[in-house]
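[1] Provided below are the primary sequence and the corresponding predicted coordinates.
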Amino acid sequence: MKKRIAVYPGSFDPIHHGHLDLIQRSRPLFDELHVAVLENEGKKSLFTVAERVEMIRELLCEHEDCQVDSFSGLLVDFMDEVGAKAVVRGLRAVSDFEVEFQMALMNRKLNPKVETVFMMPKADLTYVSSRLIKEVCGLGGDLSSLLPDIIWKKLQARLDTRSSDE
Ligand code: PNS
């Protein structure tokens with residue numbers, strides 16, 4: 001039987017428990033899951049792509065069934081490279097729907113064989129986003145419960161160096 005291969009793409013700047021919950025839920029549904037960090041020169045990020053890949057690798061013991069990569073360009077081209085037919089995306093709230101709906105249909109336009117699988121994270125993580133985590137932690141808020149320990153420490157260290165540079 002053909003392998004069911006999926007890609008979970010994102011910025012993951014940084015990865016948090018909401019992302020990890022989604023990875024845990026989607027992993028058993030596919031023979032192979034590629035967590036793929038977008039290399040986006042245009043978007044200002046706190047961590048480099050290499051750092052983000054490394055952080056995710058530290059958290060997920062990579063096996064044949066779960067790999068961490070980065071990609072540039074079109075998602076559908078990366079999916080072709082790894083032989084994936086499904087995109088996994090999280091839907092936290094209705095506000096996510098519109099943009100996700102557009103992305104799913106655009107990816108289908110680019111490759112009609114690509115399907116997007118939407119998954120809901122654990123209810124108590126639906127308000128969590130990397131953007132808000134960076135904003136709140138940058139202002140001194142303690143969100144350590146929303147991130148794995150190693151990521152929380154790296155985030156604190158990065159925010160500290162940032163503020164001492166300013
Ligand atoms: O975590 P994010 O920032 O919401 O992830 C967005 C991502 C990486 C899924 C999206 O920007 C993407 O797939 N970019 C690759 C470029 C592409 O293929 N664009 C066309 C699909 S709309």
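    Structure's in. What do you need?

[2] Around the ligand, which positions in the chain sit nearby?
    For the chain, the residues in contact with the ligand (CB under 6 Å from any ligand atom) are 9-11, 38, 74-75, 103, 106-107. In short, each C-beta sits where N, CA and C put it, glycine included.

[3] could you show me where the strands are in this structure, in order?
    Taking DSSP state E, the strands of the chain run over residues 5-10, 32-38, 66-71, 86-90, 115-119.

[4] May I see these arranged in TSV, with distance to Val136 and mean pLDDT as well?
    Shown next, in TSV, are the strands of the chain (distance: least, CB to CB, whole Å; pLDDT from 0 to 100):
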stretch	distance to Val136	mean pLDDT
strand 5-10	19	98
strand 32-38	22	97
strand 66-71	26	96
strand 86-90	20	98
strand 115-119	25	98
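
[5] Turn the ones you listed into TSV, including mean neighbour count and distance to Asp21.
    Listed next are the strands of the chain as TSV, based on neighbours: other CB atoms under 10 Å; distance: least, CB to CB, whole Å:
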stretch	mean neighbour count	distance to Asp21
strand 5-10	22	12
strand 32-38	23	13
strand 66-71	18	15
strand 86-90	21	8
strand 115-119	14	9
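
[6] list the helices and strands the worst-scoring helix or strand of the chain on mean pLDDT packs on?
    Least confident helix or strand of the chain, by mean pLDDT, DSSP states H and E, is helix 149-165 with a mean of 91. Here helix 149-165 touches helix 49-59, helix 130-138, going by 3 or more CB pairs under 8 Å, 6 or more residues apart in numbering; DSSP states H and E.

[7] List the buried residues for it?
    Neighbour-count burial for helix 149-165, with 16 or more other CB atoms under 10 Å as criterion, is recorded at 151-152, 154-155, 158-159.

[8] out of those, who's nearest Thr48?
    Distance to Thr48 across the buried residues of helix 149-165 (CB to CB) is lowest for Arg158, with 10.4 Å.

[9] Below-threshold pLDDT in this protein: ranges please.
    Residues of the chain meeting the criterion pLDDT under 70: 166.

[10] now do 90
    Along the chain, segments meeting pLDDT under 90 span 1, 40-43, 61-65, 95, 161-166.

[11] returning to that earlier point: need the strands of the chain in TSV with distance to Leu147, can you?
    Output for the strands of the chain, formatted as TSV (distance: least, CB to CB, whole Å):
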stretch	distance to Leu147
strand 5-10	15
strand 32-38	16
strand 66-71	17
strand 86-90	16
strand 115-119	20
